[in-house]
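[1] sequence? don't have it. structure:
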């Protein structure tokens, strides 16, 4: 599936600034040591979020970023965004130069951006009629927005494993532990040693998702799935957040689900620093690997020889996690994980609502609106754009690829939701009724009603209509019972 994330310069700066001061939020320094902690950050060398060059920032600048993020509880990343430039979106390259650049890219798609720019400099010197040359950043941004990305040649081997082995030989490895509960969580998938019997009558090897608090070793959530997708990851992580609260940082590997657009955007929206281990270096997530060894040595041994189903496996795993693992005395801690989790100082934040979590884990992308019928296509499904936004040629939307029931039209600069989008309903559109398109003409210039266009559409009980009193009363009474929802959060088939 093609990745189409849209990351504005403002968003890149917000993420970079949040990564600089993230350690001050996840592990607040003791009283009186904040100035020294900020000073140490000011002495570090950072990679510029746009150019990648080595840069440093003063303690005053970092202090300003820190207080901005600390004083914002809902979205500490958004307040760190840079203001949008007035000339944002305008092309500075001339037509002759852009055409020459396109031709150069077609002939050499494997060149880097820098190599394209260097050859462009030589071409302009040899032929001044191409026009003035802009900066490297402008040329690179132009190529990226036009889809002229570098096509990398496939590697002949896997040198990453060799580099990881050499790094482990030449670098010392030390144990670590965060100072606060909720300061750092570990997350990983693990392929089970046994198989389960699905409702389709097939034996399949399940995959377990585990989430561990670094300071207390508490297993925040553990659940089995039949796949390792971003949907499964978000489903399990959301439950951990609602059980224990919002952590400050999360450590994962570089799996496809962990670096997916939905999960990455969700962590940023919730103000969680996403740390990733180096490739082929599972020892950096050692606490999580130790959890898998404990689970295999105890729970899996007790279930050996049993004909499993996914439902039973999740029931047994949940009981084992809460009753045995979280309550057993940890050898290094001299207390149980649940005891340390409840007694140690924490930097956890309250869990947001289910709706907020659901809306957070969505990717942001752009689509071109079809001028013929005002629709866009997402994952093979057509969605209608409200007529008041018909003048938008390109629209930015936010959605999760596994949940097309919630698609929002947004402002790409501020991220504000403009309107929800709904799938194209050809049957409803076949009745011939059409709403009049609002225009700038005066009331005397309106065209007469021809019987097909009307100023209003019939009430179809859409989402903007208030609920009937009886239905509202029934829903309130059911929620007051405290019973769980009368449906499964995923499809009833154990295959999901």
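    Ah, there it is. What you see is a predicted model; the values in this text were computed from it and never measured.
[2] is it true that residue 114 touches residue 136?
    Yes - counting by Cβ atoms under 8 Å, residue 114 does reach residue 136; the two are 7.1 Å apart. For the C-beta atoms, the positions are set from N, CA and C on the backbone; glycine is no exception.
[3] More neighbours: which of those two?
    Counted by other Cβ atoms under 10 Å, residue 114 and residue 136 do not tie: residue 136 has more neighbours, with 16 against 11.
[4] Tell me the spacing between the more buried one and residue 118.
    To residue 118, residue 136 is 9 Å away according to Cβ to Cβ, to the nearest Å.
[5] same deal with residue 393?
    Here residue 393 is placed at a distance of 34 Å from residue 118 (Cβ to Cβ).
[6] Looking at those two, which has the bigger crowd around it?
    Between residue 393 and residue 118, counting by other Cβ under 10 Å, residue 118 is the more crowded of the two (13 against 8).
[7] can you give me phi and psi for the more buried one?
    Here is the backbone geometry of residue 118 (degrees, to the nearest 10): phi -60, psi -40.
[8] check contacts around it.
    Listed by Cβ atoms under 8 Å, 6 or more residues apart in numbering, the contact set of residue 118 is empty.
[9] quick one: it from residue 281, how far?
    Taken as Cβ to Cβ, the spacing of residue 118 relative to residue 281 amounts to 35 Å.
[10] Equivalent analysis for residue 418, please.
    For residue 418, the distance to residue 281 equals 43 Å [Cβ to Cβ].
[11] Could you do residue 266 as well?
    For residue 266 relative to residue 281 (Cβ to Cβ), the value is 25 Å.
[12] swap in residue 395?
    As for residue 395, its distance to residue 281 is 41 Å (criterion: Cβ to Cβ).
[13] can you map out the strands along the stretch 351-496 of the chain?
    Applying DSSP state E, counting those that start in this stretch to the stretch 351-496 of the chain gives strands spanning 363-368, 375-378, 381-384, 394-400, 403-410, 417-423, 434-435, 453-454.
[14] ranking those strands by burial, who's on top?
    Ranked by mean neighbour count under mean count of other Cβ atoms under 10 Å, the strands of the stretch 351-496 of the chain are led by strand 394-400, which reaches a mean of 20.
[15] is it possible to export the strands of the stretch 351-496 of the chain to a markdown table including mean pLDDT and distance to residue 187?
    Conversion of the strands of the stretch 351-496 of the chain to a markdown table gives the following (pLDDT from 0 to 100; distance: least, Cβ to Cβ, whole Å):
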| stretch | mean pLDDT | distance to residue 187 |
| --- | --- | --- |
| strand 363-368 | 93 | 19 |
| strand 375-378 | 93 | 28 |
| strand 381-384 | 94 | 30 |
| strand 394-400 | 94 | 18 |
| strand 403-410 | 93 | 21 |
| strand 417-423 | 93 | 28 |
| strand 434-435 | 70 | 47 |
| strand 453-454 | 39 | 53 |
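[16] Next, format these as a markdown table and append distance to residue 276.
    Conversion of these to a markdown table gives the following (distance: least, Cβ to Cβ, whole Å):
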| stretch | distance to residue 276 |
| --- | --- |
| strand 363-368 | 18 |
| strand 375-378 | 28 |
| strand 381-384 | 32 |
| strand 394-400 | 21 |
| strand 403-410 | 25 |
| strand 417-423 | 29 |
| strand 434-435 | 48 |
| strand 453-454 | 55 |
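[17] pLDDT wise, what is residue 464 at?
    You'll see residue 464 listed with a pLDDT of 48.
[18] I misspoke; the intended subject was residue 342.
    94.
[19] Doesn't it belong to a helix?
    Yes - residue assignment for residue 342, taken from DSSP: H, G, I helix; E, B strand; the rest coil, places it within a helix.
[20] For it, give its distance to residue 348.
    According to Cβ to Cβ, residue 342 stands 11 Å off from residue 348.
[21] So for these two, which sits in the more crowded spot?
    Under the neighbour definition other Cβ under 10 Å, residue 342 and residue 348 were set side by side, and residue 348 has more, 17 against 12.
[22] show me the contacts for the more buried one.
    Contacts here follow Cβ under 8 Å, 6+ apart; on that basis residue 348 touches 181-182, 244-247.
[23] Let me know the distance separating it from residue 301.
    The spacing between residue 348 and residue 301, counted by Cβ to Cβ, is 33 Å.
[24] For residue 178, which residues are in contact?
    Counting by Cβ under 8 Å, 6+ apart, the residues that residue 178 touches are 26-27, 184, 214-215.
[25] That one belongs to a helix?
    No - according to three-state DSSP, the state of residue 178 is coil, so it is not within a helix.
[26] So for it, what pLDDT did the model give?
    Taking residue 178 on its own, its pLDDT is 91.
[27] cool, and residue 486?
    42.
[28] likewise the one 4 residues further on?
    The confidence metric pLDDT takes the value 61 at residue 490.
[29] Residue numbering should commence at 834 henceforth.
    I'll keep to 834 as the first residue from here, and by that count the last item is residue 1323.
[30] Let me know the average pLDDT across stretch 1056-1074.
    Stretch 1056-1074 shows a mean pLDDT of 95.
[31] List the buried residues of that stretch.
    Counting neighbours by 16 or more other Cβ atoms under 10 Å, one finds that the buried residues in stretch 1056-1074 are 1056-1059, 1061-1074.
[32] How many neighbouring residues does residue 1117 have?
    The number of residues packed near residue 1117 is 16, by other Cβ under 10 Å.
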